[in-house]
Structures are given as C-alpha cells and as structure tokens.
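Colleague: Need coordinates for the below:
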Amino acid sequence: MDEKEIKQTVVTQAMKAKLAARKLALLPTQTKNKIILAMAEALVKSKDDILFHNEIDVEAAKESGLAEALVDRLTLNEARIQEMARSLKDIAALPDPVGEVIADWIPPAGIHIQKVRVPLGVVAMIYESRPNVTVDAAGLCLKAGNAVLLRGGSEAINSNHLLVKTIAPAAYAAGLPEGAIQFVETTDRKAILEMIKLDQLIDLVIPRGGEEMIRFVREHATVPVLSHGGGLCHTYVDKAADLEMARKIAFNAKCQRPGVCNAMETLLVHKDVAEKFLPLICSDYQKAGVEMRGDPQVKKIFDGVLLAVDKDWSTEHLAMIVSIKIVASIDEAINHISKHGSGHSEAIVTGDAAAAEKFLSEVDAAAVFHNASTRLHDGGVFGFGSEIGISTQKLHSRGTMGLKELTTTKYKIHGNGEVRE
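Modeller: Numbering: from 1, shown residues only. As a prediction, the model looks like this:
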C-alpha cells in the first residue's frame, strides 16, 4: 500500500472502532464475559493452525538473525496457547470495573455526586515480537469496555493475523459490536505514524516493545501515550540476608526467563556477605551458562567472572548475562539503582525489617520487592488475569496494568433544581 492507502485504511479502522466503543461501553458484564470465554474456546480449538503459522514467523526470525530473547518472545507452543486461553478465562472471572462507584457524596450545594469508572474508548496497541499480547490486549480491553486496534510487528505478522482471525469471529458471534477488535495488517511503519496522530478517534496508545519504537511513538504522538517501559532490574543481597533464600531469588530473577523486562540484570551484594555468597550464586550461574560481568572485587572472589565495563551497569541484557557489583552499604545499593535503574522492578533480600522498609521506601520504581524475585512483577501473578503492559511512567498508571488501568472516570451528578448563585 502507498502512503495514501495506509492512511485511509487506518482512519477507516479507527472510525469503526470509535463507533463500536460506544456500543461496547454499554454491554452488560455477562455479555462481555461470554465474549471473552468464546475467544478462549476458539484459541484452544485452533491451536494447531496457530502453531503452524507461528512456526513460519519463528523460522523467518531465526534466518534473519533476530536476537535469541526476541525469538523466545515470539515463539508459541501448546502450553503458551493454553496459558493465553487460561488468561482470558481469568479475565472473564474478574470483577467488571466499568460502573464502579469510586466516591459518593453530597456537598453543601445539595447535589448528589458520584465518581464512577468508565471505559477509555479506543485503545491502540502497538507491539513487537510477542503474539500473546494480541490475545491479552484484546481480552483486557474488551472487559474494560474498550475497542482495540492491534498493530503487531513484522516478525510476528503470521501469528498475529491468525490469532485475530481466530478470536475476532468468535467474539462477534458471542455479541461483540462489529469493529471492536481490529488488526492493522500492514507492517509499514507509516501505519504507526498515522495511528498515533488520530487523537479525535483513538483515546490511548500503548506501545510495547523495543526502546527505539517506544521513543518514536512518544516523539510523534498526539494521542496520549502510556508506554511499556524497559526493565533494568536489580536484586540487592543485604548483609542480613538469608543466603540460601538470596541464592534462590537471584537465580530465578536472572535465569527463569532472561529475555523479559522483569528479569534481573544486575546483582548487588553487600561486602559483609560477598565472600560467602558469591561463590554459591556464581557457581549456579556458571552451571546454567550465564555470562558474569563483575567489578574487580567480584573477579577476585570467583574466577569465572569477566571484568565489567561502565556500560554493563546501564545495559538491559535480555539474555543469560548478569552484572555483579559489591557494595559497602544499603545506601550505596540504593544510589546505584537510582543512577542506573529503569524504574521497573527492584528487590532486596534481607532479614532486617528496617533495611527492607528503607529500601522499599527510598527506591523509586514501579514495583519494589522484599525477599521475592523481580520476575513476580506480572499481571497474572498479581491477580489481574493478565496485563496490558508494565508502565514505568507515573501518569496515569504505573507498574503492571490490568482492567482498572484501562478505565478513566467521570462524575455523575443528580440534582433537584439546584443552580449556581
């Protein structure tokens, strides 16, 4: 398509979504739940077809030299399809945020005021690599009463196309207004530029992917943007830590799935426990195939560590690579995180309640953990069914974003002839 055709296509889709959003906002909860459960059932029934198309994308990604972490995000298997279906079922089981009365009062003027949750309207999802975002975004947006425009990356075009082809007809047959789920077929970047300028039709853009794409959206959008942030996450092992617990947490945070945003990138260890703890965790990392990059003190303690350079402390590796630093105090750990962290997820392992509270209070991040892995910062883990993303912004949402984060509010006022004097 040429530039004119791309613009016309995107505008037409956005207009359909706007009309659908008005109807969707009024759907009763039971109808929305029926729609979402129908989507889940369709996914499971079509799993073989989905896996076939996903394999095309995965093979193409490998041939093009796509990074291993991105190939992992792109790859679907039967377990991941079942997980997507389960997430939809979890979303259907959650309370409907639409219509929730947040506050209710009568001021001296005598009018009755209610502050209630309402849908945002039309949400545009722009994302890379992860086809599960197609399903999660659709389920969450629909439950929150929003129409959704989905624009995935070129590396997942076959997977995303088939997923939407699977869930959208099932949703429409179950009562979803036509146009409420749409997929932007073109992989031309001009489509993104058109979408993010349609502030009369689209109410929120959520970019989820690489730093370059997110920066492009932020710089060019006239539609409000709520971005999924990068994750340069730390785990700090305090001098009062249970070292076996710390070993378990630090290994999980790095190795359980290294190519995702809530995986740990830097391990900070208090000097008082470094000589005892580092041989344990570094041995675990070595056996797992993790490349370790440490400061000179770490290198002296464990022979298999490479010498870290300055950029290692500010790099989101998204791979089996970990940066390791020995710190003299909790204040040094907090200062290091403040300088190098991305505001995503940070953790302390300690048995000292005062140290834990200091860390949780002073570290500026969307999620701060005490004696738990950063990998737990996830919508499913938090009980949100799934997540639309993890925001490192502070407006209008921060951290893992579920149903309530896909709503806004309005005031409903009932009077009895009151006027302003």
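Colleague: leaving aside the residues next to it on the chain, what's closest to Ala17?
Modeller: The spatial neighbour of Ala17 that comes closest, neighbours along the chain excluded (CB to CB, 6 or more residues apart in numbering), is Ala147 at 4.1 Å. Backbone N, C-alpha and C define where each C-beta goes, glycine included.
Colleague: same deal with Ala347?
Modeller: By the measure of CB to CB, 6+ apart, the closest residue to Ala347 outside its immediate chain neighbours is Phe369, 4.0 Å from it.
Colleague: Tell me how many other residues crowd Ala109.
Modeller: Look at Ala109: counted by other CB atoms under 10 Å, it has 12 neighbours.
Colleague: Could you pull up the residues touching the nearest residue to it once chain neighbours are set aside?
Modeller: By the measure of CB to CB, 6+ apart, the closest residue to Ala109 outside its immediate chain neighbours is Glu418, 5.9 Å from it. If a contact means CB atoms under 8 Å, 6 or more residues apart in numbering, then Glu418 has Ala109, Gly110, Ile111 as its contacts.
Colleague: re earlier: surely the residue nearest to Ala17 is in contact with Val122?
Modeller: Yes. Counting by CB atoms under 8 Å, Ala147 touches Val122, with 4.9 Å between them.
Colleague: Give me the common contacts of these two.
Modeller: Contacts common to Ala147 and Val122, judged by CB under 8 Å, 6+ apart, are Ala17, Lys18, Ala21.
Colleague: among these, which are in helices?
Modeller: When these are checked against helices using DSSP state H, the ones located there are Ala17, Lys18, Ala21.
Colleague: Quickly name whichever of the residues you listed is closest to Gly210.
Modeller: The shortest distance between Gly210 and any of those, using CB to CB, involves Ala17 and amounts to 25.3 Å.
Colleague: phi, psi of His234?
Modeller: Backbone torsions for His234, taken as degrees, to the nearest 10, come to phi -120, psi 150.
Colleague: Near it, how many other residues are there?
Modeller: Residues near His234, counting by other CB under 10 Å: 28.
Colleague: pretty sure it is in contact with Ile337, am I right?
Modeller: Yes. Judged on CB under 8 Å, His234 makes contact with Ile337 at a distance of 5.1 Å.
Colleague: Show me the common contact partners of these two, please.
Modeller: Here His234 and Ile337 share the contacting residues Leu268, Glu346, scored by CB under 8 Å, 6+ apart.
Colleague: What's the PyMOL syntax to select whichever of the shared contacts of Ala147 and Val122 are buried?
Modeller: Of the shared contacts of Ala147 and Val122, the buried ones can be selected in PyMOL as follows, counting by 16 or more other CB atoms under 10 Å:
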select buried, resi 17+18+21
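Colleague: Can you lay out the shared contacts of Ala147 and Val122 as JSON lines showing distance to Phe277 and pLDDT?
Modeller: Compiled in JSON lines, the shared contacts of Ala147 and Val122 are given as follows (distance: CB to CB, whole Å; pLDDT from 0 to 100):
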{"residue": "Ala17", "distance to Phe277": "53", "pLDDT": "98"}
{"residue": "Lys18", "distance to Phe277": "56", "pLDDT": "98"}
{"residue": "Ala21", "distance to Phe277": "53", "pLDDT": "98"}
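Colleague: Now do the same contact list for the residue nearest to Leu267 when sequence neighbours are not counted.
Modeller: Closest residue to Leu267 in three dimensions, ignoring its sequence neighbours and counting by CB to CB, 6+ apart: Ile324, at 4.8 Å. Contacts were defined as CB under 8 Å, 6+ apart; by that measure Ile324 touches Thr266, Leu267, Val269, Leu278, Cys282, Met292, Arg293, Gly294, Asp295, Val298, Val305, Ala308.
Colleague: out of the residues you listed, who has the most neighbours?
Modeller: Note: the member of the contacts of Ile324 with the most neighbours is Val269, at 30 neighbours, neighbours being other CB under 10 Å.
Colleague: so is that residue in a helix, a strand, or just coil?
Modeller: Remark: Val269 carries the secondary structure label strand [criterion: DSSP: H, G, I helix; E, B strand; the rest coil].
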